[in-house]
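A.B. asks: give me a model of this one.
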Amino acid sequence: MPNLATQRHERLRLIICRRVSTAGQATDGYGLDAQEADCRRWNKQSPAGGHRIVHVVTDEALTGKSTIDERDGLMEAMEWIREDRADGILAPNLDRLARELTVQEAVLSYVWALGGHAFTADHGEHLEDDESDPMRTAMRQMRGVFHQLDRGLIRKRLREGREAKGGLGGYAYGAPRYGKRAEDNTLVDDDQEARNRRLMLRWRDEEGLGVREIVRRANEEGIPSKRGGRWHPSTVARLLDDTARQKNNAGSARRRALKKEQQRRTRAEKILGAR
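C.D. replies: From the prediction side, this is the model:
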């Protein structure tokens, strides 16, 4: 069925939904202000002569892969629609709404299930799926598939470039270890940090200080850590012992994998429990 509200050019109460995945995107590239400006520009030119923008929500430092329940801004918009304080959402494009096709479709389905409308500045209204018009769904999903493919290819090229550079001994990615810094995309020695490390090694080897005593002295003498803060026993242990550093890296990788699995299980239990 055609959307009657759209046909009558009814003025709706819309919420602008913005998203940036990193702190850098907040100021560079397609940042929050640019996204909102595009939404408001489209709204002024819409057939309704401008819907009412009643609220703006933002999700920051979240990737487009994040599920609906991980997006506080998006969930707030859903609450407004559910409580009849808004009639729908307006995003700059589907990519800003969600980068993964599965998440995109879940967001749209959620909005429609609440009786809401979904608009993007580059397309207009995305009408609810209709069995009599399967092409509508197919075209929307195909756009999502190709957007996702394009981003995947870009990430693949970037990853392969970093790996190739790393294989040649260049600086590929990641935070440089203590005693090194990145300069013109190349790792170079940081002389001050190297001197600090040699000093701590001397405290350990010549004065017989333990890790905690080294931490205390380093902090008392104002020697900054890699990020400029205070030293901690685990940080000093990794700095002075390559084996400890390797064990810590392996442990961090295991903890990240475990946390990811726990988050996946929690989301699954939440979905199943709601059924």
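A.B. asks: can you confirm residue 89 is in a strand?
C.D. replies: Yes: Residue 89: assigned to a strand according to DSSP: H, G, I helix; E, B strand; the rest coil.
A.B. asks: can you tell me the SS state at residue 33?
C.D. replies: At residue 33 the chain is in helix, as set by three-state DSSP.
A.B. asks: in the stretch 1-150 of the chain, mark out all the helices, start to finish.
C.D. replies: With DSSP state H, counting those that start in this stretch, the ranges of helices along the stretch 1-150 of the chain come out as 4-7, 32-45, 72-82, 94-97, 101-113, 134-167.
A.B. asks: weakest of those in terms of mean pLDDT?
C.D. replies: Lowest mean pLDDT within the helices of the stretch 1-150 of the chain: helix 4-7, a mean of 42.
A.B. asks: and residue 261, what element?
C.D. replies: Here residue 261 is covered by helix 242-273, with elements defined by DSSP states H and E.
A.B. asks: quick one: contacts of stretch 79-94?
C.D. replies: Stretch 79-94 is contacted from outside by 12-19, 30, 34-35, 38-39, 42-43, 51, 53-55, 77, 97, 104, 111, 114-123, 126, 140, 143-144, 147, using Cβ atoms under 8 Å, 6 or more residues apart in numbering. Where C-beta positions appear, they are placed from N, C-alpha and C, glycine not excepted.
A.B. asks: just the buried ones from these?
C.D. replies: When neighbours are counted using 16 or more other Cβ atoms under 10 Å, the contacts of stretch 79-94 contain these buried positions: 12-19, 30, 35, 38-39, 42-43, 51, 53, 77, 97, 104, 111, 114, 116-121, 126, 140, 143-144, 147.
A.B. asks: follow-up on the earlier one: could you give the mean pLDDT of the helix holding residue 261?
C.D. replies: Rounded mean pLDDT across helix 242-273 is 65.
A.B. asks: can you tell me how far residue 91 is from residue 195?
C.D. replies: According to Cβ to Cβ, to the nearest Å, residue 91 stands 52 Å off from residue 195.
A.B. asks: next one: residue 116
C.D. replies: 61 Å.
A.B. asks: and the chain, what are its domain boundaries?
C.D. replies: Domain assignment for the chain by automatic domain parsing gives 4-128, 180-273.
A.B. asks: now these in JSON lines, with distance to residue 157?
C.D. replies: Below are those laid out as JSON lines (distance: least, Cβ to Cβ, whole Å):
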{"stretch": "domain 4-128", "distance to residue 157": "17"}
{"stretch": "domain 180-273", "distance to residue 157": "16"}
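A.B. asks: most tightly packed of the ones you listed?
C.D. replies: domain 4-128 (a mean of 18; mean count of other Cβ atoms under 10 Å).
A.B. asks: residue 52 touches residue 14, doesn't it?
C.D. replies: Yes: the pair residue 52 / residue 14 is scored as a contact, 6.8 Å apart, by Cβ atoms under 8 Å.
A.B. asks: got any residues that touch both of those two?
C.D. replies: In contact with both residue 52 and residue 14: no residue, using Cβ under 8 Å, 6+ apart.
A.B. asks: who's in contact with the helix or strand encompassing residue 213?
C.D. replies: For residue 213, the element it lies in under DSSP H and E is helix 211-220. Under the contact criterion Cβ under 8 Å, 6+ apart, helix 211-220 has outside partners 196, 200, 203-204, 209, 230-233, 236-237, 240.
A.B. asks: following element in sequence after that helix, please.
C.D. replies: Helix 211-220 is succeeded, C-terminally, by helix 233-240 (DSSP H and E).
A.B. asks: got the angle between that following helix and helix 211-220?
C.D. replies: Angle of helix 233-240 versus helix 211-220, following axes from the mean of the first three to the mean of the last three Cα atoms, to 10 degrees, is 100 degrees.
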